[in-house]
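Participant: coords please:
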Amino acid sequence: MGVINGASTTDPNKILPMRYTWARTHYKKGVANNWVPEEVSMQQDVELWKKPGGLSEDERRMIMWNLGFFSTAESLTANNLVLAIYRHITNPECRQYLLRQAYEEAVHTDTFIYCCDTLGLNPDDIYSMYNTTPSIKDKDDFVVEMTRSVFDPGFSTEGAENIQKFVHDLVGYYVIMEGIFFYAGFAMALSMLRKGRMVGIGEQFQFILRDESVHLAFGADLINTIVAENPAIWTPQFREQLTQNIMRGVELEKSYVDDALPRGIVGLVPATVKQYVEHVADRRLERIGLPRQYYKDNPFPWMSEIIDMPKEKNFFETRVTEYKTGELDW
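Facilitator: Sure thing, here's the model as predicted:
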């Protein structure tokens with residue numbers, strides 16, 4: 001009996017007694033973080049977006065690139081979760097969390113619908129960028145390739161080789177997609193928010209970041225538990241393969257930074273964002289028992305404050321909210 005391959009020994013409908021209390025903890029944190037995009041006013045965003053000269057061309061490009069990537073990336077993550085990962089996780093409390101996460105992915109998808117509708121953007125421009133913008137397409141294609149095994153209708157997690165494939169795909173989904181590919185966009189949007197520009201979009205990115213922090217924590221615990229229950233899979237060759245995949249993800253994210261932010265804007269330059277991506281990647285590697293590769297300091301310490309601060313008032317004090325979060329160490 002374990003997280004996977006327990007269908008013959010556990011009833012997925014019988015959640016008590018629980019074996020993995022960490023799954024329940026993440027579920028409760030997700031519930032405490034509950035929010036919906038319509039709670040966030042975008043009046044200031046609309047005025048600034050439509051004001052002649054209100055935003056520089058580089059600021060507009062950065063916003064469009066982030067909306068273009070996230071608008072479809074959230075759907076991609078939801079599809080991975082609902083159509084592939086859920087059916088292979090047989091533990092009931094882990095499945096309970098996955099249902100919560102699936103709801104949050106739906107909220108995130110709705111967030112970008114809300115942003116596009118409110119700003120009056122052409123949806124064909126935004127929702128086709130995953131095909132028309134190479135730096136976005138490359139990231140999405142990489143994740144699709146990284147998670148190919150779990151989408152095979154005939155795939156099973158029986159046997160060491162298949163468990164390796166499953167963990168490989170979980171790393172692609174949780175560590176690379178949610179843990180690296182999202183974080184340059186978070187830094188860009190929240191840097192704008194710190195300057196009081198496009199505060200509605202920024203505040204929604206802040207809430208998404210807090211949700212993603214719980215997703216990451218669950219994903220790492222899930223990966224580590226499967227490895228602990230199946231130690232034979234954790235060979236030097238497999239660890240090296242995962243490390244190389246993560247490093248490839250870092251390079252794709254750095255290319256995206258150059259594309260979304262080619263010249264930099266006040267307080268934000270490509271080199272610093274890329275340093276942040278490398279710093280984040282080292283934290284992801286360590287969290288699943290792999291060695292650091294970059295040894296870079298965090299150039300944006302305020303990003304950690306946004307995730308960890310247990311205030312009920314928005315970090316940037318744009319509004320008062322009953323939003324709550326647990327403290328997480330990634």
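Participant: what's the first helix or strand after the top helix by length along the chain?
Facilitator: Looking across the chain with DSSP state H, the single longest helix is helix 199-229. Using DSSP states H and E, the helix or strand that directly follows helix 199-229 along the chain is helix 236-260.
Participant: from the contact counts, what lies against that following helix?
Facilitator: Using 3 or more Cβ pairs under 8 Å, 6 or more residues apart in numbering; DSSP states H and E, the elements in contact with helix 236-260 are helix 57-80, helix 134-146, helix 160-170, helix 183-194, helix 270-287. C-betas here are computed from N, CA, C, even on glycine.
Participant: quick one, which of those helices gets closest to Val40.
Facilitator: helix 183-194 (11.2 Å; Cβ to Cβ).
Participant: distance between that closest one and the chain's centre?
Facilitator: 14 Å (Cα atoms, centre = their mean, to the nearest Å).
Participant: what's the separation between the nearest residue to Ser191 once chain neighbours are set aside and Glu305?
Facilitator: Excluding its sequence neighbours, the residue lying closest to Ser191 (Cβ to Cβ, 6 or more residues apart in numbering) is Leu268, at 4.6 Å. Leu268 is 17 Å from Glu305, where distance means Cβ to Cβ, to the nearest Å.
Participant: mind checking how far stretch 197-212 is from the chain centre?
Facilitator: Relative to its parent chain, stretch 197-212 has a centroid offset of 13 Å by Cα atoms, centre = their mean.
Participant: average pLDDT for it?
Facilitator: For stretch 197-212, the mean per-residue pLDDT is 95.
Participant: and for Trp35, the neighbour number?
Facilitator: By the criterion of other Cβ atoms under 10 Å, Trp35 has 21 neighbours.
Participant: ok, it to Gln44 distance?
Facilitator: Trp35 sits 19 Å away from Gln44, going by Cβ to Cβ.
Participant: repeat for Asp141
Facilitator: Separation of Asp141 from Gln44 (Cβ to Cβ): 36 Å.
Participant: so for the most centrally placed residue in the chain, what's the pLDDT?
Facilitator: Nearest residue to the geometric centre of the chain (Cα atoms, centre = their mean): Glu178, 2.6 Å. Looking at Glu178, its pLDDT stands at 94.
Participant: quick one on the thing from earlier: I'd say the residue nearest to Ser191 and Met188 touch.
Facilitator: Yes - counting by Cβ atoms under 8 Å, Leu268 touches Met188, with 6.6 Å between them.
Participant: and these two? Which one has more around it.
Facilitator: Counted by other Cβ under 10 Å, Leu268 and Met188 do not tie: Met188 has more neighbours, with 23 against 20.
Participant: got a list of what that one touches?
Facilitator: The contact partners of Met188, taken as Cβ atoms under 8 Å, 6 or more residues apart in numbering, are Met62, Asn66, Ala260, Leu261, Leu268, Val273.
Participant: lowest-confidence one in those?
Facilitator: Leu268 (90).
Participant: for that one, list each beta-bridge partner.
Facilitator: Beta-bridge partners for Leu268, by DSSP bridges, are Ile265.
Participant: show me what contacts it?
Facilitator: By Cβ under 8 Å, 6+ apart, Leu268 lies in contact with Ala187, Met188, Ser191, Leu261.
Participant: from Tyr295, how far out is it?
Facilitator: To Tyr295, Leu268 is 23 Å away according to Cβ to Cβ.
Participant: repeat for Ile306
Facilitator: Ile306 is 24 Å from Tyr295, where distance means Cβ to Cβ.
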